[in-house]
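Asker: kindly return the folded structure for what I paste below:
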Amino acid sequence: MSGHSKWSGIKHKKMLIDTKRGKIFNKLIRDIVIAVKEGGSKIESNARLKKAIANAKEYNMPQDNIKNAIQRSIRDLNTTQFEDVCYEGYGPFGIAVIIEVLTNNKNRTASELRKIFSKYHGNLGHNGCVSWLFDKKACILIDQTIIDENKLIDIVLNTNINNDFNIELINHMYELLIPLNELNNVKQTLLTNNIDIHQNSIKMIPKIKVTGKNDGDIELFEAFLHALNEYEDVTNIHTNFSTL
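Answerer: Just a heads-up that it's a prediction; the model follows:
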């Protein structure tokens with residue numbers, strides 16, 4: 001009986017690992033779908049697809065899986081209508097949350113997100129209920145190794161956006177935040193100066209940050225965030241939570 005119990009435990013642990021690995025792969029494949037949807041299937045001209053494939057390789061996704069994901073995304077995008085949708089609500093202890101998803105069934109996605117919010121003492125709300133608590137900025141990532149920060153600042157200043165920008169070094173990447181309407185202008189200036197853009201996206205900057213009152217609050221919110229990240233339709237999450 002002890003041998004049987006040990007084997008059952010091993011099988012259960014392996015099943016959990018395989019399930020987690022499968023969820024990670026699903027998210028990575030979804031990233032590839034989004035990249036193909038936005039910029040086509042040619043890796044050399046689609047920076048987001050190149051990044052999605054690099055992420056997949058970091059998790060040891062087999063090359064055949066990656067190729068199949070690209071081919072499937074091309075096929076699905078011709079036969080299945082995916083939509084980019086934002087959902088808003090309040091998480092544990094009043095944290096403002098904006099969730100970006102890619103879905104082919106908004107009713108299903110809304111229902112699943114509502115369950116997650118409810119489980120962690122939050123409420124999924126209507127569009128606009130928390131977005132007013134954020135400033136929307138364009139975010140450009142640039143590899144630290146290709147340019148000095150002062151040189152980057154000089155180049156950005158030459159785009160005539162005055163001082164309406166912010167540069168921060170995060171994980172060996174310069175994160176450049178600028179007004180949305182200046183994105184094309186700044187991108188073109190950077191490319192003219194032979195500065196490769198690693199990635200650009202939209203970032204929601206909270207006007208007011210909310211902190212947990214104790215360790216229990218922080219653990220609850222982290223569990224809530226983990227549950228959202230586990231749901232395969234979710235592509236991005238913005239909150240005004242701060243541990244400071």
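Asker: care to break the chain down by domain?
Answerer: As given by automatic domain parsing, the domain ranges for the chain are 2-79, 83-132+208-239, 135-206.
Asker: got JSON lines for these, with mean pLDDT too?
Answerer: Formatted as JSON lines, the domains of the chain follow (pLDDT from 0 to 100):
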{"stretch": "domain 2-79", "mean pLDDT": "68"}
{"stretch": "domain 83-132+208-239", "mean pLDDT": "91"}
{"stretch": "domain 135-206", "mean pLDDT": "88"}
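Asker: the nearest residue to H126 once chain neighbours are set aside: how many residues sit nearby?
Answerer: Once flanking residues are discounted, H126 sits nearest to E88: 7.2 Å by CB to CB, 6 or more residues apart in numbering. C-beta: built from backbone N, CA, C; applies to glycine. Using other CB atoms under 10 Å, E88 is surrounded by 20 other residues.
Asker: what's the answer for R30, then?
Answerer: R30 has 20 neighbours, counted by other CB under 10 Å.
Asker: circling back to that earlier point, quick one: the residue nearest to H126 from N123, how far?
Answerer: 10 Å (CB to CB, to the nearest Å).
Asker: ranking the domains of the chain by burial, who's on top?
Answerer: domain 83-132+208-239 (a mean of 17; mean count of other CB atoms under 10 Å).
Asker: now the end-to-end length of that domain.
Answerer: 22 Å (CA to CA, to the nearest Å).
Asker: give me the helices and strands touching the longest strand anywhere in the chain, please.
Answerer: Counting by DSSP state E, the longest strand found in the chain is strand 134-143. Counting contacts by 3 or more CB pairs under 8 Å, 6 or more residues apart in numbering; DSSP states H and E, strand 134-143 is packed against strand 173-179, helix 183-192, strand 199-206.
Asker: let's see 7 Å
Answerer: Contacts defined by 3 or more CB pairs under 7 Å, 6 or more residues apart in numbering; DSSP states H and E place strand 134-143 against strand 173-179, strand 199-206.
Asker: contact partners of that strand?
Answerer: Applying CB atoms under 7 Å, 6 or more residues apart in numbering, the contact partners of strand 134-143 are 98, 152, 173-180, 183, 186, 195, 197-207, 238.
Asker: where does it sit relative to the chain's centre, distance-wise?
Answerer: 13 Å (CA atoms, centre = their mean, to the nearest Å).
Asker: cool, and stretch 207-214?
Answerer: On CA atoms, centre = their mean, the centre of stretch 207-214 falls 21 Å from the chain's centre.
Asker: cool, and stretch 121-137?
Answerer: In this view, stretch 121-137 has its centroid 17 Å away from the chain centroid, taken as CA atoms, centre = their mean.
Asker: and if you look at stretch 45-57?
Answerer: 14 Å.
Asker: alpha carbons of it, as CSV, please.
Answerer: C-alpha atoms of stretch 45-57 as CSV (Å, rounded to 0.1, in the frame of the first residue of the first chain):
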residue,chain,number,x,y,z
SER,A,45,9.0,42.4,-39.8
ASN,A,46,7.0,41.7,-36.6
ALA,A,47,8.9,42.6,-33.4
ARG,A,48,6.1,41.4,-31.2
LEU,A,49,6.1,38.0,-32.8
LYS,A,50,9.8,37.8,-32.5
LYS,A,51,9.5,38.5,-28.8
ALA,A,52,6.7,36.0,-28.4
ILE,A,53,8.8,33.3,-30.0
ALA,A,54,11.8,34.2,-27.9
ASN,A,55,9.6,33.8,-24.7
ALA,A,56,8.3,30.5,-25.9
LYS,A,57,11.9,29.2,-26.4
